Structures are given as structure tokens and as C-alpha cells.
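>>> let's see this in three dimensions:
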Amino acid sequence: MKKLSILFSLLALSVCMSVTLIAEDHDHDHKGHDHGKDHIKATHGGNILEVGKHVAHIELVHDKKKGSITLYILDKAGKAMAIADAPRLNLKYKDGDKKKKKQIITKPQGEKDKKASEFKAVDNLFKTEGFKGKISIKIGDKKYQVELAHGHHDDHKGHDHDDHKGHKH
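Below is the predicted model:
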């Protein structure tokens with residue numbers, strides 16, 4: 001009985017060491033995402049959305065109590081970036097059995113030289129979670145459509161964290 005107990009202990013120890021080694025030294029494709037210092041943090045408690053392929057980011061803050069959405073425009077390093085054209089929210093929602101669409105133009109907050117890095121929209125629809133859609137935004141001379149995500153903090157389009165469990169981000 002004692003030999004069997006020792007055998008199981010050694011087996012358990014070797015499994016633990018194998019899992020640790022695999023977790024520490026893994027090899028997978030890092031295209032489409034970065035685990036290093038460029039990971040953008042949501043400093044206002046919102047969701048980080050990627051604009052283009054690391055062109056810029058948007059931090060989206062959804063305040064259900066106030067019925068508002070605030071967009072913080074960030075450069076690819078996560079610093080505030082002022083833009084001239086206010087982003088538009090192209091929304092889809094249900095009103096009873098009817099599917100509806102609505103476009104809301106955000107309003108600049110703290111505008112300076114006809115540019116802002118913070119934009120806000122207030123609407124009763126934002127007092128719910130019952131909407132989806134896209135953010136239409138212009139960065140420089142290019143227009144982008146960004147999927148509206150509210151409810152998953154630090155959202156990263158372009159990679160799936162479940163594909164590489166067991167390593168640090």
C-alpha cells in the first residue's frame with residue numbers, strides 16, 4: 001500500500017511539473033495580438049475596442065443609469081488622440097417585435113481647436129443592454145467601422161484568449 005501511495009505521489013508531481021513547464025514555455029502564433037507593454041488599459045473602466053489593425057483604440061464607457069455612452073479616442077499606444085469628426089453610433093435594437101435602426105452622432109467633450117478625444121451620446125436606449133451596432137469613426141483620412149461591444153472589459157478583437165490558456169498576458 002505504501003509503494004502505491006509513493007507511486008501516485010510521484011505521478012502527480014510529474015504531471016504538475018509538466019503542466020508548469022508547458023505553461024511557462026509555450027509556442028503559438030502571436031500574429032494579431034500582443035501580450036507586451038502595448039496592451040491598452042481601460043483607464044475609465046470601459047471596454048477597449050480596436051480601430052483598424054492597431055491604428056487606434058476606443059475606450060467605450062456605457063453608463064446605464066445616465067443612459068449615456070462615452071467614447072475615449074486613443075492612439076495605438078493608448079494615449080488620448082484628438083480627432084475632428086465626431087464618431088457616429090449606428091445602432092440596431094428591438095421595439096417589441098419590430099427591428100429598428102438608429103444613428104446617433106456623438107458630441108465632443110472639452111473641444112480644443114475643433115478637435116476632441118472624448119465624445120458622448122445620451123439616449124434612453126442606452127439605459128438598456130438591448131442594442132448592438134457599429135461605431136463609424138474617421139481617423140486621419142480613413143473611415144473605420146468598429147463593432148460596438150459593451151459588457152466585456154478590455155475586449156480584444158483579433159484573438160481568442162481561450163486558444164492559449166496557461167500563459168500570462
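
>>> can you point out the buried residues in the helix or strand harbouring residue 61?
Taking DSSP states H and E as the criterion, residue 61 maps to strand 56-63. Using 16 or more other C-beta atoms under 10 Å as the test for burial, strand 56-63 gives 56-62. Quick note: C-beta positions are derived from backbone N, CA and C, even for glycine.

>>> what's the answer for stretch 115-127, then?
So, applying 16+ other C-beta under 10 Å, buried residues of stretch 115-127: 116-122, 125-126.

>>> spit out the contact partners of residue 64.
126-129 (C-beta atoms under 8 Å, 6 or more residues apart in numbering).

>>> same list (the residues you listed) but as a markdown table, adding secondary structure.
Output for the contacts of residue 64, formatted as a markdown table (DSSP: H, G, I helix; E, B strand; the rest coil):
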| residue | secondary structure |
| --- | --- |
| 126 | helix |
| 127 | helix |
| 128 | coil |
| 129 | coil |
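
>>> same list (these) but as JSON lines, adding distance to residue 102.
As requested, the contacts of residue 64 are exported to JSON lines (distance: C-beta to C-beta, whole Å):
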{"residue": "126", "distance to residue 102": "11"}
{"residue": "127", "distance to residue 102": "14"}
{"residue": "128", "distance to residue 102": "13"}
{"residue": "129", "distance to residue 102": "15"}
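
>>> and of those, the nearest to residue 146?
residue 126 (17.0 Å; C-beta to C-beta).

>>> grab the nearest non-local neighbour of that closest one.
residue 67 (4.4 Å; C-beta to C-beta, 6 or more residues apart in numbering).

>>> quick one, what contacts residue 61?
Residue 61 touches 44-47, 69-72, counting by C-beta under 8 Å, 6+ apart.

>>> next, count neighbours for the nearest residue to residue 120 once chain neighbours are set aside.
Spatially, and ignoring its direct neighbours in sequence, residue 120 is nearest to residue 70 (4.8 Å; C-beta to C-beta, 6+ apart). Neighbour count of residue 70, defined by other C-beta atoms under 10 Å: 19.

>>> and residue 70, helix, strand or coil?
strand.

>>> and what of the one 3 residues further on?
Local secondary structure at residue 73 is given as strand here, using three-state DSSP.

>>> about what we covered before: and which of the buried residues of strand 56-63 is nearest to residue 87?
Nearest member of the buried residues of strand 56-63 to residue 87, counting by C-beta to C-beta, is residue 58, at 7.6 Å.

>>> partners of that closest one in the sheet?
Beta-bridge partners of residue 58, counted by DSSP bridges, are residue 49, residue 73.

>>> what's the weakest-modelled helix or strand in this protein?
Sorting the helices and strands of the chain by mean pLDDT, DSSP states H and E puts helix 2-24 at the bottom, at a mean of 47.
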